[in-house]
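Asks: Below: sequence and its predicted model.
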Amino acid sequence: MKKLIMILIDGLGNHVSDKLGYLKALEEDGKAVKFTLMSELPSLSRPLYETILTGKTPIQSGIVNNKISRLSKEESIFSLLKEKGMTTAAVAYHWIHELYNGPFDMMRDIEVQDLNKNINYGRFYWDDVYPDSHLFSLANKLIMDKNPNFLLLHTMNIDDVGHKFGGLSKEYENKTYELGFYLSYFIPQWRDKGYEIIVTSDHGMNENGNHGGYSKLEREVPLWILRDNYKYCENTRFKQTDIKKLCCDILEID
Ligand SMILES: [Zn+2]
């Protein structure tokens, strides 16, 4: 059975994607292919988590701002896989829990293990400065212990630094380099365990440290597909609404 990890880097604009040299090395070695997408609108996190995981635009899903903290009404990658008897996992911001598992209680839901939930195994955080480094280790532990068919790893530090210093700041750029280390440390081990991997972002970051609008800095995001035998040529035009279908294709489910 196929297995997939989606690494969702919150707030990583395409304009700093060239700082991720390890991914570029994979591209040059024919082991990854990169695409550039324009995020759906508004270019805000919660609406775009829903877009990426369900294939619906914010207008279609009704999740049009960050304050709408209800369960998703759409079929998500998580609900689809659960229906097919496959196992799901997430190491993600608590908004992901709210969208797919229900109301988030910080006294209870920091760790989730429940095969009746859309996300079977979860580690959820609510502080934007919770270190990305620890998220990679938590994800690795779930991969080793639970071997899920699908795992979402969702980082927040780049978005956080972008808000504080701006999307053209050295701090934002340096946070991206920092993440690059963790990608290069963990991805080879996860590939060895038989995981396909995609890396993408929800939205970018403008020079004033914000996003939500339709400028290129706010909307343009990268998508890497790491596969030995990918069938997508570099000319393929991907939209953010295609990512769910891409995951289903990689997992070989309808
Ligand atoms: Zn943000």
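Replies: Cool, the structure landed.
Asks: Find the nearest non-adjacent residue to the closest residue to the ion within the stretch 1-150 of the chain, please.
Replies: Per CB to the ion, the residue of the stretch 1-150 of the chain with the smallest distance to the ion is Gly11, at 5.0 Å. C-beta here means a position set from N, CA and C on the backbone, and glycine is covered the same way. The shortest distance from Gly11 to any non-neighbouring residue, by CB to CB, 6 or more residues apart in numbering, is to Asp159 (2.8 Å).
Asks: list the contacts for the one you found?
Replies: 10-12, 45, 128, 205 (CB atoms under 8 Å, 6 or more residues apart in numbering).
Asks: Could you find which two of those residues are furthest from each other?
Replies: Spatial extent of the contacts of Asp159 (CB to CB) is set by the pair Leu12 and Asp128 at 14.4 Å.
Asks: out of these two, which sits in the busier spot?
Replies: More crowded of Leu12 and Asp128, by other CB atoms under 10 Å: Leu12, with 29 against 15.
Asks: Contact partners for the more buried one?
Replies: Counting by CB under 8 Å, 6+ apart, Leu12 has contacts 158-159, 176, 201, 204, 221-222.
Asks: Tell me the confidence at it?
Replies: For Leu12, the model assigns a pLDDT of 98.
Asks: which stretch of helix or strand covers it?
Replies: Counting by DSSP states H and E, no helix or strand carries Leu12.
Asks: and it, how far is that from Leu217?
Replies: 12 Å (CB to CB, to the nearest Å).
Asks: show me what contacts Lys189?
Replies: One thing to correct before we go on: residue 189 is Gln, not Lys. Asn140.
Asks: a strand runs through it, doesn't it?
Replies: No: counting by DSSP: H, G, I helix; E, B strand; the rest coil, Gln189 is located in no strand; its state is helix.
Asks: The residue of the stretch 1-150 of the chain closest to the ion and Asn206 touch, don't they?
Replies: No: with contact defined as CB atoms under 8 Å, Gly11 does not reach Asn206; the gap is 10.7 Å.
Asks: These two: who's more crowded?
Replies: Remark: of Gly11 and Asn206, Gly11 carries more neighbours, 30 against 21, as counted by other CB under 10 Å.
Asks: helix/strand/coil for the closest residue to the ion within the stretch 151-254 of the chain?
Replies: With CB to the ion as the measure, Asp159 is the residue of the stretch 151-254 of the chain nearest to the ion, at 4.1 Å. Classification of Asp159 by three-state DSSP places it in helix.
Asks: Could you shift the numbering so residue one becomes 16, and keep it that way?
Replies: Right, with 16 as the first residue, what we last looked at is Asp174.
Asks: any low-confidence regions in the stretch 116-265 of the chain?
Replies: 243-250 (pLDDT under 70).
Asks: What residues does it have near the ion?
Replies: Residues of the stretch 116-265 of the chain that fall close to the ion, judged by CB under 5 Å from the ion: Asp174.
Asks: just the helices in the stretch 116-265 of the chain please.
Replies: Along the stretch 116-265 of the chain, the segments classed as helices by DSSP state H, counting those that start in this stretch run 147-161, 172-180, 185-207, 231-234, 258-266.
Asks: Please export the C-alpha coordinates of the second one as PDB.
Replies: Output of helix 172-180 as PDB, limited to C-alpha atoms (Å, rounded to 0.1, in the frame of the first residue of the first chain):
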ATOM      1  CA  ASN A 172       7.800  29.200  12.400                       C
ATOM      2  CA  ILE A 173       8.400  30.700   8.900                       C
ATOM      3  CA  ASP A 174       4.900  32.300   8.900                       C
ATOM      4  CA  ASP A 175       5.500  33.600  12.400                       C
ATOM      5  CA  VAL A 176       8.800  35.200  11.600                       C
ATOM      6  CA  GLY A 177       7.300  36.700   8.400                       C
ATOM      7  CA  HIS A 178       4.600  38.400  10.400                       C
ATOM      8  CA  LYS A 179       7.200  39.800  12.800                       C
ATOM      9  CA  PHE A 180       9.900  41.000  10.300                       C
END
